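Q: Okay, here's the prediction I keep looking at, along with the sequence it came from:
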Amino acid sequence: MTDVTLVYPYFHPQNDDSIFRFPPLGLGYIASLLKKHGISVELVDCTFMRMNNALEKIRQSHPKIIGIQVMFSMKEKALQMAQTLRKDCDLLVAGGPLPTSNPEDFLQYFDIVGIGEGEETMLELTKAFASGTTLKNVKGIAYKENDVTVFTKPRDSIENLDDIPFPAREMFDNQTYKTYYSKNFGYTTTSVMTSRGCPFQCDFCSRPIFGNAFRSRSTRNIVEEVQAVQDLGYERVWFADDCFTLGRTRFLSICNELIRRRLNIGWECLSRVDTIDKEVAQKMKKAGCLRVFFGIESGNDSVLKIMKKQITINQAKEAVQTCKKAGIQVGAFFILGYPGETDKTVLDTVNFAASLPLDYLSFTFPYPIPGTPLFERVKSKMIIKEWTEPDNLHVIKHKLLYQSPFSESKLKFALFKGMTQHYIRKYLGNTAYDLIGNPFAQISEALYRALN
């Protein structure tokens, strides 16, 4: 019998090989801490499993406690599993961003909801349950008592992240992840997280777990985990921080240590355009950076202000060019149809994105996550309560979740327009773009404006 079985209820779409997928580090951290304290634990990562196989594996562990992590796109599967497994454990626990944002919603299906960071909470909860002591002394949880919701004292964020053991990577299906990446992308990669919290206030961003206070692991601790990942046979690392390049001194220290140890492992990361300059980009390249992704989000400064991005399009353009000159590939994300946009600003974004020398480009629609200012503005207009991954029959998989001045078909056309212009420039070059891209841009702009 297992003390705790941790479940990640994401089921990768069958035959969809275009999506980057990484093991659930959050559950890996919890598992490693529980194991450190002598608690038997099983981790079921459903990414490459079918539902019936995942349920069978969970039941075979005969768990006393089942903990299910619920991300924003996993609610439907998580609740389905909770209802199915209700009689297969003594205590059913929900944790993650969505339960933290709305605990009461999940207490209809779970005995306990963990609020905030889960490592110490799950450890204390497991010990309290095993000893039969009251749960009221476990910080950071919610539960029902006589049909009344009880919230215990909030749990403080973990200040010294070096105190958390490395995630229990031996519990992930590393071989399947490596096979998937080798087959579809030509290399193997996995994720590492070096910090928690983001000090910025982007209008659409949710931070229910890690909050606004930026906390970082030490340089030595970070690079030792990179070494451990390399020892597992991975060729690249994805630094999964909200912004890996935050804190110039900190970041350059990490780069210098990667260079000093000569790990010779490639890596990719998310960044902000206002953290990049020539020195930083050159150091990144020397330390093994192969590709950096920027959340630019709009090609119009007024919309960037609505989004509270605290950047400008000139900063974005300069950061992209600086990284390209340093020999680093660049990817960028943009949002189309944000509340407050007009036809002009959408076209500004499409044309600006297509003008950049990007190696990767992604357009999405606004995704209102509960707890964000964006959600508060549009929650009365929601037509789809939550986003689920569409099947492979959808060429453009984004959906408009709320009533908007823009139709979904119009935004999809804008997306098509932007990607087409991007591909013409990327694969045919600037000369061909003058011959083909410019006429296409003009014709497609007229068609876009004509759409309702």
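A: Good, I have the coordinates.
Q: burial count for residue 410?
A: For residue 410, the neighbour count with other C-beta atoms under 10 Å is 22. C-beta coordinates here come from the backbone N, C-alpha and C atoms, glycine included.
Q: Look up the closest residue to it, ignoring the ones flanking it.
A: Leaving aside its sequence neighbours, residue 410 sits nearest to residue 451 (C-beta to C-beta, 6 or more residues apart in numbering; 4.3 Å).
Q: buried sites along the lengthiest helix in the chain?
A: Using DSSP state H, we find that the single longest helix of the chain is helix 408-432. By neighbour count on 16 or more other C-beta atoms under 10 Å, the buried set for helix 408-432 is 408, 410-422, 424-425.
Q: Contacts for that helix next, please.
A: For helix 408-432, the surrounding residues in contact (C-beta atoms under 8 Å, 6 or more residues apart in numbering) are 334, 336-337, 346-347, 349-351, 353-355, 357-359, 361, 363, 365, 396, 398-400, 404, 433, 436-437, 440-441, 444-445, 447-448, 451-452.
Q: Next step: these restricted to helices.
A: Judged by DSSP H, helices contain the following of the contacts of helix 408-432: 346-347, 349-351, 353-355, 440-441, 444-445, 447-448.
Q: Need the mean per-residue confidence for the longest helix of the chain.
A: What helix 408-432 shows for mean pLDDT is 95.
Q: Low-confidence ranges, the chain, go.
A: Applying pLDDT under 70 to the chain flags residues 386-395.
Q: max-length strand in it?
A: Across the chain, the longest stretch assigned as strand under DSSP state E is strand 289-297.
Q: Neighbouring strands - and their directions - for that strand?
A: If you go by DSSP bridges, strand 289-297 pairs up with strand 266-271 (parallel), strand 329-335 (parallel).
Q: And the contacts of stretch 23-34?
A: 3-4, 6-8, 10, 41, 43, 45, 47, 67, 69, 96, 118-120, 122-123, 126, 164-169, 171-174, 177, 190-193, 240.
Q: Report the buried members of the residues you listed.
A: Buried subset of the contacts of stretch 23-34 (neighbour count, 16+ other C-beta under 10 Å): 3-4, 6-8, 10, 41, 43, 45, 47, 67, 69, 96, 118-120, 122-123, 126, 164, 167-169, 171-172, 174, 177, 190-193, 240.
Q: now, which of those lie within helices?
A: Among those, the ones falling in helices (DSSP H) are 119, 120, 122, 123, 126, 174, 177.
Q: Now stretch 272-286 - C-alpha only, CSV.
A: Taking Å, rounded to 0.1, in the frame of the first residue of the first chain, the C-alpha atoms of stretch 272-286 are listed here in CSV:
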residue,chain,number,x,y,z
ARG,A,272,11.4,39.6,-21.4
VAL,A,273,12.6,42.0,-24.1
ASP,A,274,13.6,44.6,-21.5
THR,A,275,16.1,42.2,-19.9
ILE,A,276,18.2,41.7,-23.0
ASP,A,277,21.2,43.7,-24.2
LYS,A,278,24.4,42.9,-26.2
GLU,A,279,26.4,41.6,-23.2
VAL,A,280,23.5,39.4,-22.0
ALA,A,281,22.8,37.9,-25.4
GLN,A,282,26.5,37.1,-26.0
LYS,A,283,26.8,35.5,-22.6
MET,A,284,23.7,33.5,-23.2
LYS,A,285,25.1,32.2,-26.5
LYS,A,286,28.4,31.2,-24.9
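Q: The chain should start at 62 in everything you say after this.
A: All right, first residue 62 from here; so that's stretch 333-347.
Q: so what are the domain limits for this structure?
A: Following automatic domain parsing, one gets these domains for the chain: 63-212, 248-511.
Q: nearest to residue 220, of these?
A: Between residue 220 and the domains of the chain, the shortest gap by C-beta to C-beta is with domain 248-511, which sits at 6.6 Å.
Q: How far off centre is that closest one?
A: 11 Å (C-alpha atoms, centre = their mean, to the nearest Å).
Q: First-to-last residue distance for that domain?
A: Terminal residues of domain 248-511 are spaced 44 Å apart (C-alpha to C-alpha, to the nearest Å).
Q: what does stretch 366-385 give?
A: OK, stretch 366-385 end separation, C-alpha to C-alpha: 26 Å.
Q: Would you mark the buried spots in that stretch?
A: For stretch 366-385, a neighbour-count test (16+ other C-beta under 10 Å) marks 367-368, 370, 372, 374, 376-381, 383-385 as buried.
Q: cool, and stretch 339-355?
A: Neighbour counts over stretch 339-355 (16+ other C-beta under 10 Å) mark 341-346, 348-355 as buried.
Q: quick one: contacts of that stretch?
A: Identification of contacts with stretch 339-355 by C-beta under 8 Å, 6+ apart yields 297, 306, 309, 312-313, 315-317, 319-320, 324-334, 337, 377, 380-381, 383-384, 386-394, 420-421.
Q: which of the buried residues of stretch 366-385 lies closest to residue 288?
A: Nearest to residue 288 among these is residue 384, at 25.5 Å by C-beta to C-beta.
Q: What helix or strand is the closest one located in?
A: Here residue 384 sits within helix 374-386, counting by DSSP states H and E.
Q: Let me see the contact set for residue 123.
A: Counted by C-beta under 8 Å, 6+ apart, residue 123 has contacts 62, 63.
Q: Tell me how far it lies from residue 63.
A: Using C-beta to C-beta, to the nearest Å, residue 123 is found at 6 Å from residue 63.
Q: Overlap in contacts, those two.
A: Common neighbours of residue 123 and residue 63 (C-beta under 8 Å, 6+ apart) do not exist.
Q: Residue 138 belongs to a helix?
A: Yes. Using DSSP: H, G, I helix; E, B strand; the rest coil, the secondary structure at residue 138 is a helix.
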